[in-house]
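In: using only what follows, build the 3D model:
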Amino acid sequence: MILLALAIAPGLAISIYIYWKDKFDREPARLLMLAFVLGMISTVPAFFIEVLVSRLGLEVSQDLLTTGVRTFIGVAAVEELCKFYFVFRYLYRKPDFNEPFDGITYSVMVSMGFATLENIAYVMQHGMDVAILRMFTAVPAHATFGIIMGYFLGLAKFRHEESNRLILYSVMVPVLFHGWYDFALIQTFYDDIMLKFGGAVASLVLGIILSRSAIRLHQKNSPFRIKKE
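Out: Numbering: from 1, shown residues only. You can find the predicted model right below:
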């Protein structure tokens, strides 16, 4: 039970944080719960696609190029596209998606649903040390991917003339950050632990910095801000 609580806690805490940051027109609880559940569901197609990719013989130990293809396309692109599909298909056109910040809210909820179910699987398999490590690394990383995706989706929703380009960014930029994070950890060509962990942390830190800026920008530009103030 302690391991399960540790696996669930980071995703839940980040979800509450984003809900608190949505200061001016908070989303209904039913849609937030739907988004979280959709994120959990999105792990299913992601899992099966990643299994299919793994059968192509792209081993991470072969060379940097093969590892890059495996991590950026076979993992990062697969997972971010699965999360994007559920945000775009089931939440993007909801009437409650009525300000740019809602892109962040819904994308993070889907990401946290994905990350929480993934985290439960890892923690139950590997134990307490992994639970603590992922609490401060992998789950926050998924949150930054969701915030970046949601930032661009929030812009796309209300900038119709730029929507196609912004929707493309909403997938490509999280894939780049996700791929960078995974590539640094998974590659075995440079097997120094500090180099591997340092590369992943660099991705996470930059993602957090950009995420904080994205949150502030969408808060500042909320059409509901004047009404509240």
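In: who does the helix ranked longest in the chain touch, helix- and strand-wise?
Out: Secondary structure of the chain per DSSP state H: the longest helix is helix 193-220. Applying 3 or more CB pairs under 8 Å, 6 or more residues apart in numbering; DSSP states H and E, one finds that helix 193-220 contacts helix 101-126, helix 138-158, helix 163-186. In short, each C-beta sits where N, CA and C put it, glycine included.
In: redo that, cut-off 10 Å
Out: Packed against helix 193-220 by the contact rule (3 or more CB pairs under 10 Å, 6 or more residues apart in numbering; DSSP states H and E) you find helix 2-21, helix 101-126, helix 128-136, helix 138-158, helix 163-186.
In: how far off centre is the fourth one?
Out: The offset between the C-alpha centroid of helix 138-158 and the centroid of the whole chain comes to 7 Å, using CA atoms, centre = their mean, to the nearest Å.
In: tell me what that helix is packed against?
Out: For helix 138-158, the packing partners by 3+ CB pairs under 10 Å, 6+ apart come out as helix 2-21, helix 78-90, helix 101-126, helix 128-136, helix 163-186, helix 193-220.
In: follow-up on the earlier one: let me have the helices and strands packed on helix 193-220 in JSON lines, adding distance to Val87 and mean pLDDT as columns.
Out: Below are the helices and strands packed on helix 193-220 laid out as JSON lines (distance: least, CB to CB, whole Å; pLDDT from 0 to 100):
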{"stretch": "helix 2-21", "distance to Val87": "14", "mean pLDDT": "94"}
{"stretch": "helix 101-126", "distance to Val87": "5", "mean pLDDT": "95"}
{"stretch": "helix 128-136", "distance to Val87": "23", "mean pLDDT": "90"}
{"stretch": "helix 138-158", "distance to Val87": "7", "mean pLDDT": "97"}
{"stretch": "helix 163-186", "distance to Val87": "9", "mean pLDDT": "95"}
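In: tell me the spacing between the spatially closest residue to Val171 that is not a sequence neighbour and Leu91.
Out: Nearest non-adjacent residue to Val171, counting by CB to CB, 6 or more residues apart in numbering: Phe84, 5.3 Å away. Phe84 is 11 Å from Leu91, where distance means CB to CB, to the nearest Å.
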